[in-house]
Each structure stands twice: as structure tokens, then as C-alpha cells.
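**Q** Structure for this input, please:
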Amino acid sequence: MKKKITAILMVILIGIMAAGCGQQQKTEQTEGTEESASQDIFAMDTYMSVTAYGADAESAVSDAIAEIERLDALLSTGETDSEIYKLNQNGGGSISEDTSYLLERALEIWKSTDGCFEIGIYPLMQEWGFTDGNYKVPDKETLQKLLPLADSSKIDFNEKDQTVSFEQDGMEIDFGGIAKGYTSGRIMDIFREHGITSGMVSLGGNVQVLGIKTDGSKWRVAVQNPEDTENYLGVLETQDRAVITSGGYERYFEQDGKTYQHILDPKTGYPADSGLTSVTIVSADGTLADGLSTSLFVMGKEKAVAYWRAHSEEFDAILVEKDGTVSVTENIADQFTPDDAVKKTEIITKHSSRTHVRLGA
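**A** Okay, the predicted model is just below:
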């Protein structure tokens, strides 16, 4: 068995390179006179890099790092002092403002995606060994016993009192599917409070950018190739957006010649086999982008496209199929340049049937 954790996204900038997960990320400014600050940190089980440009850049980055550490301590499922750990052990309790907000958003996305996003998946993730690296393929009987726990309808949340309880013993929740997106959004808030108008954060593969680069151009975010993690599928030019990808290549193991990836389908308890190999979500809302990257991966292309068409004002997407086809929603099609190695591309439109095109042609 083996575990492979790599960066989902690489930020390609003039003077800035965000390295892959598992490596320390290095940032520097090589042009212009604007003051800048950057710092790397390992938190939430991944390497992160925070960079800001402006007169108060150093304080902005310092406060951003402190926020990452605070949220990591609050939301960890493994640290015994964390709020989530205590919540899971006690079957409920009072929760903080951050946890209350995340729970509210998680339940919204769960309902909107018909259960494809599920914070109650944690017991199943534990059984597969994706939480601690002790991988195994559970037997069907065990999965059938655990499946009823992966059901957010059994979470009783009192928004006014900020309390939560679980209707079934053994339920445990994990905000890992939206925590990094929420964190990147909080960092953007901190940047704005410090008067920062240009900055970026890379949280292991979740990238969120503020404004444009100091040279006046848009940020360039490269979407990783799920079949060749040393290369990328294409580059997206963007500003004021989170760009977040989920794919089975992030974490997986092999047993008896078969590969099992870590994104589980809450309806079956098995790794999702939807025909997609990665999903990238582009949105001004980091929390939403994080949650939907997993949800649309579980849905598969047909349902993912239908979901986008119903919510096209909230996000855009880049879908990669097993045959290598790269599909891009029309709102960002002219901002995405595929790599020459991509043989088949497609623009997903809002009202018509699928149209196969060669992007950039």
C-alpha cells in the first residue's frame, strides 16, 4: 500500500511559485517596489503559503498565520483539545461562532447537493484508514453498519443557541471538506482589514487570490493533471477568486491490485466512481468552492453539469474525465488555456447541449 499526497494546484506568477504539497513553498518578489511579505506554515495536515503586497503586508501575513493556527486548533478531528474532537466524543454540545457558521454552510451544501457533501462521513473515513494512514478495505457488513451515521439529517442544530446534538450514537463530523476553503476566505478578510489589495494563499492545493498582481495582470493558477501530477492541464487567469480542486489522486492506497481513493460516496460508503478524475471549482466563496469540489466529484459529470446550470451565478467549474476530456463552464472558458497535451476539450454552456471545441483555437 502507498499514499500519495501532491499539490492539487500550482500558482504560476512572475516572481512567485507555489510548490507542491509535501514541499516547503517559497515566495519572493522580483519586480516592482511594492512592499511584500510571505510565510510558510504546516497546518491542517498540509503545507501552506501566505503572501501579501502592501504597506502593511508584514502584519497582514502575521495575522493570517495566527488565524490559520487558531482554526486548525479549533477544527481538528484528532487533537483532543479541539472543539470538533470534544463534539464528536460527547455527541454534541455548545459550539463557537466559527463552528456554527461552518455547520450551517455544511448543511446548506448537503441539502443543495442531495447528500453528495456529507460531514458525517468521518466514521467511514476512519474505517477505510484515510484519517490515519492505516488503510484497509472494510467488509460490506461493516460498511452497512456505518452508512446510517453518514446522514446530516440526524444532526440537530440550534442556530440561536449555537448548540448541536447527534440523533444517533456513533455519529462524528469532520469539516475537512470545507475547512481550508473557509480558512482561505478568512485570510482574504484579514488582508482587506490591513488594506491589502494584492495577495494570495495556497493551502495545500486550495488557492485563493485577492485583487490582481502588482504588475497589473491577473493571477495565473495552473490546474494539476490528475494522471500526471508533475504536470498541469492548463492555466486559469483570475482575480478575487478561490480555485479549489478535488481528485482521487490526492490520497489513495492499493490493495490486491486495485486502487482505492479517498473521496467516498456517502450513499455507498465506497470510493466514488463517477467517471471524473478531478473537479476544480472557481468561486468568490472559498467555503462553497471547497465543498462543491468534493460534491461534484461524487455526482459525476452529468449531474455536475446540471447542478452548475442551476447555480451558475455562484461558481464555475473545470471537470476532468477518465478519458482525459477537460470540460470548462462557459463563464471562465476564455480565461482557461489548456496545455498542449490535452487532446479533448469542451465548453459547458448554460442552455445548449455539450459542444466539443478546442479551447484557445
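
**Q** Setting aside sequence neighbours, what's the nearest residue to the residue positioned nearest the centre of the chain?
**A** The chain has D290 as the residue nearest its centroid, 3.5 Å off, counting by C-alpha atoms, centre = their mean. In this structure, D290 finds its nearest non-sequential neighbour in G181, 2.7 Å apart by C-beta to C-beta, 6 or more residues apart in numbering. The C-beta positions use only the backbone N, C-alpha and C, and glycine is treated the same way.

**Q** Kindly provide the distance from the one you found to V243.
**A** Separation of G181 from V243 (C-beta to C-beta, to the nearest Å): 11 Å.

**Q** which residues are in contact with both of the two?
**A** 206, 208, 289 (C-beta atoms under 8 Å, 6 or more residues apart in numbering).

**Q** Let me know whether the residue nearest to the centre of the chain touches N206 as I believe.
**A** Yes - between D290 and N206 there is a contact under C-beta atoms under 8 Å: 6.4 Å.

**Q** which residues do those two both contact?
**A** By C-beta under 8 Å, 6+ apart, the residues touching both D290 and N206 are 180-181, 242, 244.

**Q** What about those, which are in helices?
**A** Those of these mapping onto helices are 180-181, per DSSP state H.

**Q** closest to K154 among the shared contacts of D290 and N206?
**A** Within the set of these, G181 lies nearest K154; the separation is 24.3 Å, counting by C-beta to C-beta.

**Q** Can you tell me how far that closest one is from K111?
**A** Noted for G181: a distance of 18 Å to K111, by C-beta to C-beta.

**Q** Who has more neighbours out of the two?
**A** Neighbour totals were compared for G181 and K111, and G181 leads with 28 against 12 (other C-beta atoms under 10 Å).

**Q** so who does that one touch?
**A** Contacts of G181 by C-beta under 8 Å, 6+ apart are 206, 208, 242, 244, 285-291.

**Q** Show the buried residues in those residues.
**A** Among the contacts of G181, those classed as buried by 16 or more other C-beta atoms under 10 Å are 206, 208, 242, 244, 285-291.

**Q** how about those residues in JSON lines, adding secondary structure and pLDDT?
**A** What follows is the buried ones among the contacts of G181, written out as JSON lines (DSSP: H, G, I helix; E, B strand; the rest coil; pLDDT from 0 to 100):
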{"residue": "N206", "secondary structure": "strand", "pLDDT": "89"}
{"residue": "Q208", "secondary structure": "strand", "pLDDT": "97"}
{"residue": "A242", "secondary structure": "strand", "pLDDT": "97"}
{"residue": "I244", "secondary structure": "strand", "pLDDT": "96"}
{"residue": "D285", "secondary structure": "coil", "pLDDT": "98"}
{"residue": "G286", "secondary structure": "helix", "pLDDT": "97"}
{"residue": "T287", "secondary structure": "helix", "pLDDT": "97"}
{"residue": "L288", "secondary structure": "helix", "pLDDT": "98"}
{"residue": "A289", "secondary structure": "helix", "pLDDT": "98"}
{"residue": "D290", "secondary structure": "helix", "pLDDT": "97"}
{"residue": "G291", "secondary structure": "helix", "pLDDT": "97"}
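
**Q** between these, which is closest to A341?
**A** Nearest to A341, judged by C-beta to C-beta, of the buried ones among the contacts of G181 is I244 at 22.8 Å.

**Q** buried residues in the lengthiest helix in the chain?
**A** Secondary structure of the chain per DSSP H: the longest helix is helix 57-75. For helix 57-75, a neighbour-count test (16+ other C-beta under 10 Å) marks 57-65, 67-68, 71-72, 74-75 as buried.

**Q** Show the average pLDDT along it.
**A** Over the span of helix 57-75, the pLDDT mean works out to 97.

**Q** What is that helix packed up against?
**A** Under the contact definition 3 or more C-beta pairs under 8 Å, 6 or more residues apart in numbering; DSSP states H and E, helix 57-75 sits against strand 36-43, strand 46-53, helix 83-90, helix 97-112, helix 179-193, strand 198-203.

**Q** pLDDT on the fifth one, on average?
**A** Spelled out, it's helix 179-193. Throughout helix 179-193, pLDDT has a mean value of 97.

**Q** can you start the count at 23 instead of 1 from here on
**A** Okay, using 23 as the starting number, the last item reads as helix 201-215.

**Q** what angle sits between that helix and helix 79-97?
**A** If you take axes from the mean of the first three to the mean of the last three C-alpha atoms, to 10 degrees, helix 201-215 sits at 150 degrees to helix 79-97.

**Q** Now do the buried residues in helix 201-215.
**A** Of the residues in helix 201-215, 201-210, 212-213 count as buried by neighbour count, 16+ other C-beta under 10 Å.
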